[in-house]
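Asker: I would like the atomic coordinates for the input below:
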Amino acid sequence: MDDMQENGACPVQRDAALIHDDETVEDLGRAGLKLLQKKSGFRFGSDAVLLAHFTNLKNKESVMDLCTGSGIIPTLMAGRSSSQNIQGIEIQERYADMAQRSVEINNLKERVKIHQGDLRNQELIKSLGSFDVVTANPPYKEAGRGLLNPKDELMVARHEITVNLEEVISSASLLLRHHGRFCMVHRPERLFDIYRLMAKHGLELKRIRMVAPKKGKAPNMILVEGLKGQKPFLKWEAELTMFTDTGSYTEELKEIYRDARQ
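Answerer: Predicted coordinates for the structure are as follows:
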């Protein structure tokens, strides 16, 4: 039954009712998918697109996205695969609600579910089940550096105020099945911490890819994959460069964005 028959209103009217005045609708250009975002607040960036591509979710795999924010990674995963079990968890109620409304706009309720909750709550995490893949685009900046307002949504998204790196990795390990994959985007300066904390929580660092803004510049992002219950073996992939000297996207980044939009 289509939306007009079921609700007595056309899909456009239905979507409008799900969009708040302080939100915009981003056309993701893939399978008609759209994403709600705050007009002023945290908005998704290239790190989410790169993480979704790096993860390479298989059609039969289940996935949980930690610190899901607007739900961009679950939405991209739904467009990139036919997985029937895609979930995300977000501590900020406003963002979790917005992400769930994006799910409804995209008619993905049978495949995608957003949870509002604190991933530090181990009882909650254990109640969510186990997954083949866990992804995370967590806050990058350590707490305690500068004056921070814990009620500021941007601060919560960017600084380790409500959750830190170890809590993200610990929760990922609890959620993963044996031999499951954990994929995360972070900052290169945290690589040692990532390795140390993965090992502490039973995850073996298996794959690394550095991301640099331009050729010859120091990397400013790192993509990592860890496996639960696996023996040591590390694959260091070729560096990804985002921009040419003229400021345009590199051919590889164009291909990644084209892939995100197919």
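Asker: please enumerate the helices of the stretch 1-150 of the chain.
Answerer: Applying DSSP state H, counting those that start in this stretch to the stretch 1-150 of the chain gives helices spanning 3-7, 11-17, 46-55, 72-80, 93-105, 122-127.
Asker: and those, which is most packed in?
Answerer: helix 72-80 (a mean of 25; mean count of other CB atoms under 10 Å). All C-beta spots, glycine's among them, are computed from the backbone N, C-alpha and C.
Asker: checking the closest residue to Val134 other than its chain neighbours next. Helix, strand or coil?
Answerer: Spatial nearest neighbour of Val134, chain neighbours left out: Ala172 (4.3 Å); criterion: CB to CB, 6 or more residues apart in numbering. Secondary structure, DSSP: H, G, I helix; E, B strand; the rest coil: Ala172 is helix.
Asker: can you give me the neighbour number for Ala172?
Answerer: When neighbours are counted by other CB atoms under 10 Å, Ala172 registers 29.
Asker: can I assume it is in contact with Val63?
Answerer: No. Using CB atoms under 8 Å, Ala172 is not in contact with Val63, being 11.3 Å away.
Asker: what ranges does the stretch 51-200 of the chain have for its strands?
Answerer: Secondary structure of the stretch 51-200 of the chain (DSSP state E, counting those that start in this stretch): strands at 63-66, 86-90, 112-116, 131-136, 176-186.
Asker: where does the protein have its least confident helix or strand?
Answerer: Of all the helices and strands that make up the chain, helix 3-7 has the lowest average by mean pLDDT, DSSP states H and E, namely a mean of 38.
Asker: who are the contact partners of the residue most central in space within the chain?
Answerer: By CA atoms, centre = their mean, the mean C-alpha position of the chain lies nearest to Ile73, the distance being 4.0 Å. Each residue near Ile73 by CB atoms under 8 Å, 6 or more residues apart in numbering is listed here: Ala48, Leu51, Ala52, Asp65, Gly88, Thr135, Asn137.
Asker: look up the pLDDT of it for me, please.
Answerer: Predicted confidence (pLDDT) at Ile73: the value is 95.
Asker: and the closest residue to it other than its chain neighbours, how far from Ala199?
Answerer: Once flanking residues are discounted, Ile73 sits nearest to Asp65: 4.6 Å by CB to CB, 6+ apart. Separation of Asp65 from Ala199 (CB to CB, to the nearest Å) stands at 23 Å.
Asker: same check on Phe233?
Answerer: Relative to Ala199, and taking CB to CB, Phe233 is found at 14 Å.
Asker: and the contacts of Ile73 as CSV, adding pLDDT and distance to His115?
Answerer: CSV is the format used below for the contacts of Ile73 (pLDDT from 0 to 100; distance: CB to CB, whole Å):
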residue, pLDDT, distance to His115
Ala48, 92, 18
Leu51, 96, 19
Ala52, 94, 19
Asp65, 98, 10
Gly88, 98, 7
Thr135, 98, 14
Asn137, 94, 16
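Asker: distance to Gly229 added to those, as a markdown table?
Answerer: Shown next, in a markdown table, are the contacts of Ile73 (distance: CB to CB, whole Å):
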| residue | distance to Gly229 |
| --- | --- |
| Ala48 | 28 |
| Leu51 | 23 |
| Ala52 | 25 |
| Asp65 | 21 |
| Gly88 | 24 |
| Thr135 | 19 |
| Asn137 | 24 |
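Asker: mind listing what's buried in the helix or strand hosting Val211?
Answerer: Using DSSP states H and E, Val211 maps to strand 203-214. Across strand 203-214, burial judged by 16 or more other CB atoms under 10 Å covers Leu203, Glu204, Leu205, Lys206, Arg207, Ile208, Arg209, Met210, Val211, Ala212.
Asker: flag every buried residue along the helix or strand harbouring Met242.
Answerer: Secondary structure from DSSP H and E places Met242 in strand 240-243. Within strand 240-243, the residues that count as buried by 16+ other CB under 10 Å are Leu240, Thr241, Met242.
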